[in-house]
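# Provide a 3D model corresponding to the input given below.
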Amino acid sequence: MGIYEELEARGLIAQVTDEKEIRELINNGGARFYIGFDPTADSLHVGHFMALCLMKRLQMAGNRPVVLLGGGTGYIGDPSGRTDMRSMLTPETIQHNCECFKKQIERFIEFGEDKAIAVNNADWLLSLRWIDMLREVGPHFSVNNMLRAECYKQRMERGLSFLEFNYMIMQSYDFLYLHQHYGCNMQFGGDDQWSNMLAGTELIRKCTQTADKPGDDAYAMTITLLLNSEGKKMGKTAKGAVWLDPNKTSPFDFYQYWRNVDDADVMKCIRMLTFIPLDEIEAMERWDDSRINEKKKILAYALTALVHGEEEAKKAEETASSLFSGKGDDANMPKTVIPAADVPEAGMNVVDLIALCGLAESKSKARKLVEQGGVTVDGEKPAGVDFVVSADALKAGVVLKRGKKVFHKAVIG
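Next comes the predicted model:
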């Protein structure tokens, strides 16, 4: 089985421009491909995870990755899948985020001579001259076609800024530049990028054709978006995004996120995200329904080990096992350290504490959790929303539990 067939079997391929050519290219290790990452935060998150895994799979099959950091496109912001305009980032923030991304990606991809390379589109986009860009690239884009693109549809009713309208042109120019300077012949990305990627292949063809020869071939393939059984993007919790940075989402929280996915999504995640061989996955699919928790543990351990390493995965697994067995070993439990100056002498209101520790998105949702009996403090349900966790208890450390599976320690430090 070639890598293309494996990607198909894992359900990763969404759309391709030229199925026969792409199959042959990546199966023979002939792809010089790129995936772009716009630095919208200082950490990658679960939404990037599938792209990172795809890049790793393709590199293992002999293809050469180009990691494109969006230091230039980050000045604009991708409107795909958005109902509002992204916040404008400062140049310093964009540069810092790019550096953070590069460090995280190095955990997945092997860089070096004849291996992967990382480039930053700020190196060419920020030095472009406006008139030159209009003359070189502008004639190859139809405004009518651009407005029909899926990536702009969600923004048309609320209003699409001219700034964001240029994003497709910038991404297409990236592909052209990488093709001309680095020999890139393929682009991979999420399925919401299809319109932008098609525009890039067309721009390459048009800009390289002459009276004597047709334009160069360039290919695009999108990967399936990571959606749950309800059709919603995976990777969100009450605290927000599930980050790959252990300082933003602890290895334990990361482990618990995958440990707690819906039953209907477990095998899909194992198939799409892990590197477990397909024959083993097919055997797991025949397991009795009573073994669903075993599958979840396999998923959680495999992904935590991939992102944070075997040692952290083992710690997370042991902590979860200890907590759920009632032994209460909280050594590796996620923890919020509260400055003593922020805690009133009498203690802290339970609603404020729940929100502070990120077990609810807001104080109003924390209040509902308490009212509905969905949270405990050191194993006891608080006696209403006015319950106060004493300062002495917080000095010793209290364990908050939301539902059956989410644990968090709060302590004065």
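# can you pull out the helices in the stretch 101-250 of the chain?
122-125, 130-136, 143-148, 150-156, 162-165, 167-182, 194-208 (DSSP state H, counting those that start in this stretch).
# give me the below-cutoff pLDDT ranges for the protein.
78-86, 151, 154-155, 157, 238-239, 324-332, 405 (pLDDT under 70).
# burial of the closest residue to residue 403 other than its chain neighbours, as a residue count?
Once flanking residues are discounted, residue 403 sits nearest to residue 374: 6.0 Å by C-beta to C-beta, 6 or more residues apart in numbering. Placement of C-beta: from N, CA and C, glycine included. Residue 374: 18 surrounding residues under other C-beta atoms under 10 Å.
# so residue 374 makes contact with residue 406?
No. Here residue 374 lies out of contact with residue 406, judged by C-beta atoms under 8 Å, at a distance of 9.8 Å.
# contacts only, for the residue nearest to residue 403.
By C-beta atoms under 8 Å, 6 or more residues apart in numbering, the contact set of residue 374 is 368, 402, 403.
# the second one touches residue 370, doesn't it?
No. Counting by C-beta under 8 Å, no contact exists between residue 402 and residue 370, whose distance comes to 10.4 Å.
# quick check: the nearest residue to residue 225 once chain neighbours are set aside vs residue 120, distance?
What sits nearest to residue 225 in space, not counting adjacent residues and going by C-beta to C-beta, 6+ apart, is residue 191, at 5.2 Å. Distance, residue 191 to residue 120, using C-beta to C-beta, to the nearest Å: 25 Å.
# what do you get for residue 322?
Between residue 322 and residue 120 the distance, using C-beta to C-beta, works out to 44 Å.
# neighbour-wise, which of the two wins?
Per other C-beta under 10 Å, whichever of residue 322 and residue 120 has more neighbours is residue 120, with 21 against 16.
# the more buried one contacts residue 73, correct?
No. With contact taken as C-beta under 8 Å, residue 120 and residue 73 are classed as non-touching, separated by 10.2 Å.
# want to throw the helices of the stretch 101-250 of the chain into a markdown table with mean neighbour count and distance to residue 23?
Rendered in a markdown table, the data for the helices of the stretch 101-250 of the chain read as follows (neighbours: other C-beta atoms under 10 Å; distance: least, C-beta to C-beta, whole Å):
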| stretch | mean neighbour count | distance to residue 23 |
| --- | --- | --- |
| helix 122-125 | 17 | 31 |
| helix 130-136 | 11 | 33 |
| helix 143-148 | 11 | 28 |
| helix 150-156 | 16 | 25 |
| helix 162-165 | 14 | 34 |
| helix 167-182 | 21 | 20 |
| helix 194-208 | 21 | 17 |
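# can you put those in a markdown table and add distance to residue 412?
As requested, the helices of the stretch 101-250 of the chain are exported to a markdown table (distance: least, C-beta to C-beta, whole Å):
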| stretch | distance to residue 412 |
| --- | --- |
| helix 122-125 | 44 |
| helix 130-136 | 56 |
| helix 143-148 | 56 |
| helix 150-156 | 45 |
| helix 162-165 | 46 |
| helix 167-182 | 47 |
| helix 194-208 | 49 |
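# among those, which is nearest residue 49?
Residue 49 sits nearest to helix 194-208 of all these, at 19.6 Å, using C-beta to C-beta.
# okay, now stretch 176-196: how far is its last residue from its first?
Between the opening and closing residues of stretch 176-196 lies a distance of 12 Å (C-alpha to C-alpha, to the nearest Å).
# going forward can the numbers begin at 35, since that is how I track them
OK, 35 is where the count begins now, so the last one is stretch 210-230.
# please state the offset of it from the chain centre?
Between the mean C-alpha location of stretch 210-230 and the chain-wide mean there is a distance of 19 Å, by C-alpha atoms, centre = their mean, to the nearest Å.
# with stretch 247-257 instead?
Relative to its chain's centre, stretch 247-257 lies at 26 Å (C-alpha atoms, centre = their mean).
# contact partners of that stretch?
By C-beta under 8 Å, 6+ apart, the surrounding residues in contact with stretch 247-257 are 46-52, 55-56, 59, 84-85, 88, 209, 213, 218-225, 227-228, 231-232, 234-235, 238-243.
# what residues of that stretch count as buried?
For stretch 247-257, the neighbour count (16 or more other C-beta atoms under 10 Å) marks 251, 252, 253, 254, 255, 256, 257 as buried.
# skipping adjacent residues, who's closest to the fourth one in space?
Spelled out, it's residue 254. Setting aside the residues directly before and after it, residue 254 is nearest to residue 231 in space (C-beta to C-beta, 6+ apart), at 3.9 Å.
# do a quick rundown of the strands in the stretch 185-334 of the chain.
Taking DSSP state E, counting those that start in this stretch as the test, the strands found in the stretch 185-334 of the chain are 220-224, 253-257, 270-271, 274-275.
# which residues do residue 436 and residue 404 both contact?
If you check residue 436 and residue 404 against C-beta under 8 Å, 6+ apart, the residues they both contact are residue 388.
# which one of the two has more residues nearby?
Using other C-beta under 10 Å, the more surrounded residue of residue 436 and residue 404 is residue 404, with 22 against 19.
# check contacts around that one.
Contacts were defined as C-beta under 8 Å, 6+ apart; by that measure residue 404 touches 384, 385, 388, 416, 418, 419, 421.
# what about 10 Å?
Residues touching residue 404, when contacts are defined by C-beta atoms under 10 Å, 6 or more residues apart in numbering, comprise 383-385, 388, 394, 411, 415-421.
# also residue 342?
Shown here is residue 342, whose contacts under the criterion C-beta under 10 Å, 6+ apart are 141, 278, 280, 283, 284, 285, 286, 288, 289, 349, 350.
# and if you look at residue 394?
Taking C-beta under 10 Å, 6+ apart, one finds 272, 273, 385, 388, 400, 401, 402, 403, 404, 408, 409, 436 in contact with residue 394.
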